[in-house]
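Novice: sharing a model prediction with you, sequence too.
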Amino acid sequence: MNLFDYLSDPANWQGEAGIGYLLLQHLGYTAAAVVIACVIAIPLGILIGHTGRGSFLLIGLGNAARAIPSLGLLVLIVLLLGTGNGPIVGVLAVLALPPILTSTAAGIRGADRDAVHAARALGMSGSQVIRQVEWPLALPLVISGVRSATLQVVATATIAAYSSGTGLGRLLISGNANRNYSQMFAGALIVALLAIVLDVALGALAWLTARRRHAPNKTVGAALAVST
Amino acid sequence: MRIKSSIFGACLGIAASLLTACGANNDPLAESSAQPSGAASSSAAEVVVGSADFTESKILAEIYSQALKAKGVQSSTKLGIGSREIYIKALQDRSISVVPEYTGNLLLNFDANATATTAEEVEEALPEALPSGLKVLKPSAAVDQDVYVVTKDYSAENGITSLDDLKKIAAGATLGGPPELEERAYGPAGLEKIYGAKFKAFKPYPKYPPKISDLDANKIQVATFFTTDAVISEKGYVQLEDPQSMILPQNVVPLVREEVASNATAASALDGVQALLTTEDLVALNRKVDSERQDPNQVAAEWLANKGLA
């Protein structure tokens, strides 16, 4: 049997169980989960990083959340709420939260103290400091958090197939049950490629923002000039 | 530095002992597969009973294994191996030597074009269809068949009581079942060929709970279960009739390696179970494990004690 049999048969790319549809579903789960995690984790991370309060709680919660078994959580939520896209996205968002939260808090906290003090000395309000000094400085770290969260989510989204056969995990589960190894191979290969593509794309985004950081930024530059 | 090197040494030590432990675990397996014919002296070789990944198969495997032990045959279990495609391979490579099976599907697995339809015909055709090295013992009277069901409400609204009725609703309906159903002869392909029902989609469910909740929520309209599943009567699902006998009779039968079949003690222990097992027993055993959350191990021991086999 050729491992590429399943991939090369055009019939396997069409329809509701076809690779194209499963791929879209998989991407949809990943995007929704990461966006939801960002919406929750970034503001929270900024708050914690800016005030310096609650970092103990953050570390504790972050580590605890990393220990949650995603498959177990998915089965639990499906039993309580029934199947559907909601439980799957929810479980994946839980997985994506800790890396984004910790990297945002660390980025804000680690923003150049001299720049922050200078901005304060200029009379900037707390929110101005966040928006004009801390956030731009933290951005590369925030993006790296989103990047690692995305990588985890896109790989873990295969468990969605466990509840009702959606996403690229379906190729793995059906292939395993039917001993159709070229189908399993197709699933594994596509998930791996998807993870690489997304990582490279987010890596490029991080590189772009890091480059922009070196370009002169009026506010920070002025603040630094005053402080020295 | 000294601390570091001693930690490193300790790690090495642990790794080494793990490695040797693995090796030690492998040895008995290697021995038993190296000298299968020398195992005729009943208790010399361990009989490993495997099972598929659903409740009844696990209970039956426990019953077989405990019945073997009661007759002095060394035995252990490997439960929940997976679908038929996988545990047949395990039998052939000697990782297991007994697995509870069902006559009709076992026949179809090795002979997709089998023409047998009655229980007797299936029993007759089965031994010839098996690959060399594998044997079946006596089929029991206990039957557990795949069955297509719909909810009571859905059946009443759409007038569906038989697989023949499915063609009325199939085009807009989704079928749910275990992932392997998709490729089985009595799966979507059989429904289309024999009953003219081509479903809009097939959804694979590796586990029961999501399938049950989706069927109740009308996310899927038709699902397959086993006739002995306690959930069918608990939820009042309507079992669809099969006028064309698309699903073959499925009597419980132990599929064994030939070493086990030629071992008189082992074969008689398993035949003893086969002779006393009934369909009602299967339903009751399944309910004890699935609904009352008892341990398959204990449920099997109780059954054997009640029947005077252990």
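Specialist: Good, I have the coordinates.
Novice: burial measure for residue 51, as a count.
Specialist: Going with chain A. When neighbours are defined as other Cβ atoms under 10 Å in any protein chain shown, residue A:51 has 12 of them. For every residue, glycine as well, the C-beta is placed using N, CA and C.
Novice: switch to chain B, please.
Specialist: Residue B:51 has 27 nearby residues by other Cβ under 10 Å.
Novice: that one - that's part of a strand, no?
Specialist: Yes - counting by DSSP: H, G, I helix; E, B strand; the rest coil, residue B:51 falls inside a strand.
Novice: pretty sure it contacts residue B:83?
Specialist: No - with contacts counted by Cβ atoms under 8 Å, residue B:51 stays clear of residue B:83, the gap being 11.4 Å.
Novice: what residues does chain A have near chain B?
Specialist: Contacts of chain A with chain B, taken as Cβ under 8 Å from any Cβ of the partner chain, map to A:16-17, A:75, A:78-79, A:82-84, A:161-165, A:170, A:173-174, A:176-180.
Novice: the same query, at a cut-off of 7 Å, please.
Specialist: Applying Cβ under 7 Å from any Cβ of the partner chain, we find that chain A lies next to chain B at A:16-17, A:78-79, A:82-83, A:162-165, A:170, A:173-174, A:177-179.
Novice: for the residues you listed, pick the one with the most neighbours.
Specialist: Of all the residues of chain A next to chain B, the most densely surrounded is residue A:163 (30 neighbours; neighbours counted as other Cβ under 10 Å).
Novice: got phi/psi on that residue?
Specialist: phi -90, psi -50 (degrees, to the nearest 10).
Novice: mind listing what it touches?
Specialist: The contact partners of residue A:163, by Cβ atoms under 7 Å, 6 or more residues apart in numbering or on different chains, come to A:74, A:78, A:83, A:87-88, B:210.
Novice: how far does stretch A:92-102 sit from its chain's centre?
Specialist: With Cα atoms, centre = their mean, to the nearest Å as the basis, stretch A:92-102 stands 7 Å off its chain's centre.
Novice: oh, that last question was meant for stretch A:136-148, not what I typed.
Specialist: For stretch A:136-148, the gap between its own C-alpha mean and the chain's C-alpha mean amounts to 11 Å (Cα atoms, centre = their mean).
Novice: likewise stretch A:99-112?
Specialist: Here the centre of stretch A:99-112 is set off from its chain's centre by 15 Å, with Cα atoms, centre = their mean.
Novice: one more: stretch A:123-138?
Specialist: Counting by Cα atoms, centre = their mean, stretch A:123-138 comes out at 24 Å from the chain centroid.
Novice: ok and the residue in the stretch 1-150 of chain B nearest chain A?
Specialist: residue B:85 (4.0 Å; Cβ to the nearest Cβ).
Novice: look up the closest residue to residue A:202, ignoring the ones flanking it.
Specialist: Once flanking residues are discounted, residue A:202 sits nearest to residue A:147: 4.1 Å by Cβ to Cβ, 6 or more residues apart in numbering or on different chains.
Novice: ok, how many other residues are close to that neighbour?
Specialist: Residue A:147 has 22 nearby residues by other Cβ under 10 Å.
Novice: and it, which of the three is it?
Specialist: Going by three-state DSSP: residue A:147 is helix.
Novice: contacting residues around residue B:191?
Specialist: Counting by Cβ under 7 Å, 6+ apart, residue B:191 makes contact with B:163, B:166, B:197.
Novice: what's the spacing between the closest residue to residue A:92 other than its chain neighbours and chain B?
Specialist: Leaving aside its sequence neighbours, residue A:92 sits nearest to residue A:33 (Cβ to Cβ, 6+ apart; 3.5 Å). Per Cβ to the nearest Cβ, to the nearest Å, residue A:33 is found 19 Å from chain B.
Novice: retrieve the pLDDT associated with whatever residue of the stretch 101-250 of chain B ends up closest to chain A.
Specialist: Closest to chain A within the stretch 101-250 of chain B is residue B:179: 3.7 Å, counting by Cβ to the nearest Cβ. Looking at residue B:179, its pLDDT stands at 91.
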